[in-house]
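Fold the following for me, if possible:
(one chain, ligands or ions: 1)
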Amino acid sequence: CQKCLDRIKKTRYLNAYITVTEEQAVAQAAAADERFRRGTPKGPLDGIPFAVKDNFCTENTETTCASKMLKGYRPPFSATVVQKLLDQGAVLLGKTNLDEFAMGSGSTDGAFGPVRNPWSYSTPYRDRSGLDPDSDWAITGGSSGGSAAAVASLSSFLALGSDTGGSTRNPAALCGVVGLKPTYGLVSRHGLIPLVNSMDVPGIMTRSVHDAATVLGVLQGQDAKDSTTIRPPMENFHLPDDIDVSKLRIGIPKEYHAPGLSQEILSQWSRVADILERAGARVEAVSLPHTQHSIVCYHVLCAAEVASNMARFDGLQYGHRSAEDSSTDALYAATRHEGFNGVVRGRILPGNYFLLKRSYQRYFLKAQQVRRLIAQDFAQVFSAGVDLLLTPTTLSHAPSHAHFIQEDNRTRSAQEDVFTQPVNMAGLPSPLCPLSLPALRSALPIGLQLIGAALQDRKLLAVAGWLE
Ligand code: GLN
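Predicted coordinates for the structure are as follows:
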């Protein structure tokens, strides 16, 4: 724990943490030490330091969603996932940086500034990129970039992210750590400040697949405070030491050969497919025909749920309140104008439009129907006997910050989420497998994602562990 705290201080320039709960962490770690001395540790996570994305509520500890709107907000309770970790003796190090309200895929759009990718400071990258890391650096991806940077820079062993359209897998890929998006409903969302309730899941970031499996075993479970949670199919996720991949059928969705996919990702994708094939797995092309419509529908549904979720930030109940109080309406408007950044306001507006009586049928309902077709595409492939899909996660390795912020926001996230959000539309599990750096040309990490049928989290993790 002390080493992690030291490391947080040494890597301040990454801007991975918004809040560091040092005093609390030291006390928790001392209590864990005491349990070890007495020979009564609570379990596998006792004493293990962890970091939490700042859109999960933490009792009495500021929870900002990287927004001015929530500056100073200290929730009176902890999210179920945070509480479960604390109950296991895990030690909370602090809250990690993100895009404001988890809207984004760069971790560049939060009120506390962008997160820097730790690999930007590695010698091979510096030598090859020609970038001066003081003035420019690679982004972490997002929106859980602070959590990914924390795990990648070794300032935490474990970090929680959230994944609504790819926010755990995207930064995990760009920072070279394991990232798991569990099946929707397997892990409680209670206390995760909502983005898109029908797609949000807490995500797990670790240094190894085995660690992610252990954490999932602790976090999963029905929660009376989240009516969408389901009873888990198994008690824990202890992975087999060796699995037989030779019986697996692995699908390569042809629609994922998307425009803009970098040569490097393409070649790594076929390299990993070859590795699986050489081990005896059957690797075959499959089709998910509605994939091309997914990104548009995701953005309609996301905006609609955002418009409804953000309505609670009115300046009266909690968080920021404007000084402009000439009327109630003026107070609402000024508070929301001052509190939200342009990305958030840019989703609330179309979201309210999609939800108008006259556009509901045409946009919201239509997007829901296409969402069903996207889920059915996956279901058909899996019911035809395919065990899992192997796909890219991002179009390329992390772009530099200067490059990333050039493009206009909407096109940017529309491109970035192309491979990740269909999984959220369908509620499926998906671990991100980082690829080993020596095999890459870029000196910046990339990763591939596995996708499986609902509740196949363990099988996917076992394969991810085999690839590791
Ligand atoms: N980039 C996506 C978005 O901006 C994903 C966000 C997320 O998963 N939290 O909506």
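
Output the set of residues of the stretch 101-250 of the chain in proximity to the ligand.
Contact residues (CB under 6 Å from any ligand atom) of the stretch 101-250 of the chain with the ligand: 102-105, 143, 162-167, 195. (C-beta placed from N, C-alpha, C; glycine too.)

Sketch out the helices for the stretch 301-450 of the chain, chain order is fine.
328-339, 342-354, 357-359, 366-383, 401-406, 409-416, 421-426 (DSSP state H, counting those that start in this stretch).

Comparing those by mean pLDDT, which bottoms out?
When the helices of the stretch 301-450 of the chain are ranked by mean pLDDT, helix 409-416 comes last with a mean of 65.

I'd assumed Arg345 was in contact with Ala303.
No: using CB atoms under 8 Å as the test, Ala303 is too far from Arg345 to be in contact (11.2 Å).

which of these two has more neighbours?
Ala303 (25 against 13; other CB atoms under 10 Å).

Please name the residues that touch that one.
347-348, 350-351, 354 (CB atoms under 8 Å, 6 or more residues apart in numbering).

possible to save those as TSV with neighbour count and distance to Gln406?
Listed next are the contacts of Ala303 as TSV, based on neighbours: other CB atoms under 10 Å; distance: CB to CB, whole Å:
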residue	neighbour count	distance to Gln406
Arg347	23	21
Ile348	19	25
Pro350	19	23
Gly351	24	26
Phe354	22	28
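
Next, format those residues as TSV and append distance to Ala213.
TSV is the format used below for the contacts of Ala303 (distance: CB to CB, whole Å):
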residue	distance to Ala213
Arg347	34
Ile348	38
Pro350	39
Gly351	36
Phe354	39
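
Relative to Ala462, which of the residues of the stretch 101-250 of the chain next to the ligand is nearest.
The nearest member of those to Ala462, counting by CB to CB, is Asp163 at 20.2 Å.

And the closest one, how far from Asp54?
Distance of Asp163 to Asp54, given as CB to CB, to the nearest Å: 15 Å.

what's the answer for Lys42, then?
Taking CB to CB, one finds Lys42 at 26 Å from Asp54.

again, but for Gly203
From Gly203 to Asp54 the distance is 14 Å (CB to CB).

try Asp226
20 Å.

Quick one: residues contacting Phe313.
69-70, 319-320, 335-336, 339-340.

mind giving me a markdown table with these and columns for distance to Asp244 and neighbour count?
Below are the contacts of Phe313 laid out as a markdown table (distance: CB to CB, whole Å; neighbours: other CB atoms under 10 Å):
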| residue | distance to Asp244 | neighbour count |
| --- | --- | --- |
| Met69 | 51 | 25 |
| Leu70 | 48 | 24 |
| Gly319 | 52 | 20 |
| His320 | 55 | 19 |
| Thr335 | 58 | 23 |
| Arg336 | 55 | 20 |
| Gly339 | 54 | 24 |
| Phe340 | 51 | 23 |
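
got a markdown table for those residues, with distance to Ser396 too?
Formatted as a markdown table, the contacts of Phe313 follow (distance: CB to CB, whole Å):
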| residue | distance to Ser396 |
| --- | --- |
| Met69 | 32 |
| Leu70 | 33 |
| Gly319 | 37 |
| His320 | 37 |
| Thr335 | 39 |
| Arg336 | 35 |
| Gly339 | 34 |
| Phe340 | 30 |
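
Of those, which is the nearest to the ligand?
Using CB to the nearest ligand atom, Phe340 is the member of these that lies nearest the ligand, at 14.3 Å.

so is the nearest residue to that closest one once chain neighbours are set aside in a helix, a strand, or just coil?
Of all residues not flanking Phe340 in the chain, Met69 sits nearest, at 5.9 Å (CB to CB, 6 or more residues apart in numbering). At Met69 the chain is in helix, as set by DSSP: H, G, I helix; E, B strand; the rest coil.

Could you double-check that Met69 sits in contact with Arg321?
No: using CB under 8 Å, Met69 is not in contact with Arg321; the gap is 9.9 Å.

joint contacts of those two?
Common neighbours of Met69 and Arg321 (CB under 8 Å, 6+ apart) are Thr335.

residues contacting Gly191?
56-57, 75, 77-83, 225.

For it, which non-adjacent residue is closest in space?
Gly191 sits nearest to Ala79 (CB to CB, 6+ apart), 2.6 Å away.

Could you count how many residues lie near Arg278?
For Arg278, using other CB under 10 Å, the count is 10.

how close does the most centrally placed residue in the chain sit to Ala454?
For the chain, the residue nearest the mean C-alpha position is Thr168 (1.7 Å; CA atoms, centre = their mean). Thr168 sits 17 Å away from Ala454, going by CB to CB.

Also Arg74?
From Arg74 to Ala454 the distance is 36 Å (CB to CB).

which one of these two has more residues nearby?
Set Arg74 next to Ala454 and count neighbours by other CB under 10 Å: Ala454 wins out with 19 against 13.

Excluding chain neighbours, what is closest to the more buried one?
Here the residue nearest Ala454, using CB to CB, 6+ apart, is Thr183, at 5.0 Å.

and that neighbour, what are its phi and psi?
Dihedral pair for Thr183: phi -50, psi 140, per degrees, to the nearest 10.

Surely it is in contact with Leu460?
No: judged on CB under 8 Å, Thr183 makes no contact with Leu460 at a distance of 9.6 Å.

Nearest to Pro438, out of the contacts of Phe313: which one, please.
Checking the contacts of Phe313 one by one against Pro438 (CB to CB), the nearest turns out to be Leu70, at 41.8 Å.

Surely that closest one and Thr64 touch.
Yes: judged on CB under 8 Å, Leu70 makes contact with Thr64 at a distance of 4.7 Å.

got the residues of the stretch 251-400 of the chain near the ligand?
Cys302.

Mean pLDDT per helix and strand in the chain: which one sits at the bottom?
helix 409-416 (a mean of 65; mean pLDDT, DSSP states H and E).

Quickly find the element holding Ile204.
Assigned by DSSP states H and E, Ile204 belongs to strand 201-206.

And the next helix or strand past that strand?
Past strand 201-206, the next helix or strand by DSSP H and E is helix 209-219.

helix or strand right after that following helix?
strand 249-253.

what comes into contact with that following strand?
269, 273, 276, 281-288, 291, 381, 385-391.

Show me those that map onto strands.
Per DSSP state E, strands hold the following members of these: 282-286, 388-391.

Please spell out the ChimeraX selection for the buried subset of those residues.
In ChimeraX, a selection of the buried entries from the ones in strands among the contacts of strand 249-253 looks like this (16 or more other CB atoms under 10 Å):
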select :283,286,388,389,390,391
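
Show me which of the ones in strands among the contacts of strand 249-253 is closest to the ligand.
Nearest member of the ones in strands among the contacts of strand 249-253 to the ligand, counting by CB to the nearest ligand atom, is Thr391, at 16.4 Å.

isn't the closest one right up against Val418?
No: the criterion here is CB under 8 Å, and Thr391 misses it with Val418 at 10.2 Å.

Am I right that Asn236 is in contact with Leu219?
No: assessed by CB under 8 Å, Asn236 is found out of contact with Leu219, at 11.1 Å.
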